[in-house]
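Peer 1: Just the structure for this:
(2 chains)
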Amino acid sequence: KNEVEQSPQNLTAQEGEFITINCSYSVGISALHWLQQHPGGGIVSLFMLSSGKKKHGRLIATINIQEKHSSLHITASHPRDSAVYICAARLYGNKLVFGAGTILRVKS
Amino acid sequence: GAVVSQHPSRVICKSGTSVKIECRSLDFQATTMFWYRQFPKQSLMLMATSNEGSKATYEQGVEKDKFLINHASLTLSTLTVTSAHPEDSSFYICSARDTSGGTDTQYFGPGTRLTVL
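Peer 2: As a prediction, the model looks like this:
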């Protein structure tokens, strides 16, 4: 079993839909990252959080430390949101362990 | 915001040659940088942790003599793939750790796609 599990693996949504991507981890962490990777490969760091909730534009990330679970929400999704979304658990010692990624496709 | 650059973005080389990839933090100093490798349809795998002024720490299974890392300054780390072979073809990504101003986060470079013929 991987230390970081993401679901779903693939997600297709219609433009405007509310999207949720889930991440569960089984190790102790100091923080959790949500990353976005576009087809060209470049990675953008969306959020780093260690508790509670963060919001940036249409993106919201939450984490429940007790349940070892985090979610990334996208409100009013748009085709330009189509990308791979990766959660990465930051272990004590700063090593990142990555989930397999969720491939999101938003259709217009 | 913080930016990490990589150069080159894409490189094609012949088998047996060496390739150097640069990773720069553009507006912060990074005592720690990380090198990752990503094969198609797979997630990122940490190769090594690069510490400024000291030897890199390699993950299990990564050959330190094949993947040479030099972190000579607080804004530059280089990864040299020596005697590259087709199985080294991959997407190489660096990230830099920013601990300035009470923060502690990682910023990722745009990646370098290496193709070894």
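Peer 1: all contacts plus neighbour counts: C-alpha atoms, from now on.
Peer 2: Noted.
Peer 1: Where does the prediction get shaky in the chain?
Peer 2: Assuming you mean chain A. Scanning chain A for pLDDT under 70 picks out the ranges A:1.
Peer 1: try again with chain B
Peer 2: If you take pLDDT under 70 as the line, chain B has these spans: B:1-2.
Peer 1: For the residue in it that chain A sits nearest to, which residues are in contact?
Peer 2: Among the residues of chain B, B:P110 lies closest to chain A, at 4.1 Å counting by C-alpha to the nearest C-alpha. Going by C-alpha atoms under 8 Å, 6 or more residues apart in numbering or on different chains, B:P110 touches A:G41, A:G42, A:I43, B:V4, B:S5, B:Q6, B:S9, B:I93.
Peer 1: And B:S100, by the same measure?
Peer 2: Residues in contact with B:S100 (C-alpha under 8 Å, 6+ apart) are B:F28, B:Q29.
Peer 1: From A:K107, how far off is the residue lying closest to B:M33 once chain neighbours are set aside?
Peer 2: Distances taken as C-alpha to C-alpha, 6 or more residues apart in numbering or on different chains put B:A96 closest to B:M33, at 4.3 Å, once the chain neighbours are dropped. Distance from B:A96 to A:K107, counting by C-alpha to C-alpha, to the nearest Å: 34 Å.
Peer 1: How about A:S70?
Peer 2: Distance from A:S70 to A:K107, counting by C-alpha to C-alpha: 25 Å.
Peer 1: top of the contacts of B:P110 by neighbour count?
Peer 2: When neighbours are taken as other C-alpha atoms under 10 Å in any protein chain shown, the top entry among the contacts of B:P110 is B:I93 (28 neighbours).
Peer 1: Which element, helix or strand, includes it?
Peer 2: strand B:90-98 (DSSP states H and E).
Peer 1: That strand - contacts with which helices or strands?
Peer 2: If contacts are counted by 3 or more C-alpha pairs under 8 Å, 6 or more residues apart in numbering or on different chains; DSSP states H and E, strand B:90-98 sits against strand B:4-7, strand B:19-25, strand B:32-38, strand B:105-108, strand B:112-116.
Peer 1: the inter-axis angle of the last one versus strand B:19-25?
Peer 2: Taking axes from the mean of the first three to the mean of the last three C-alpha atoms, to 10 degrees, strand B:112-116 and strand B:19-25 form an angle of 180 degrees between their directions.
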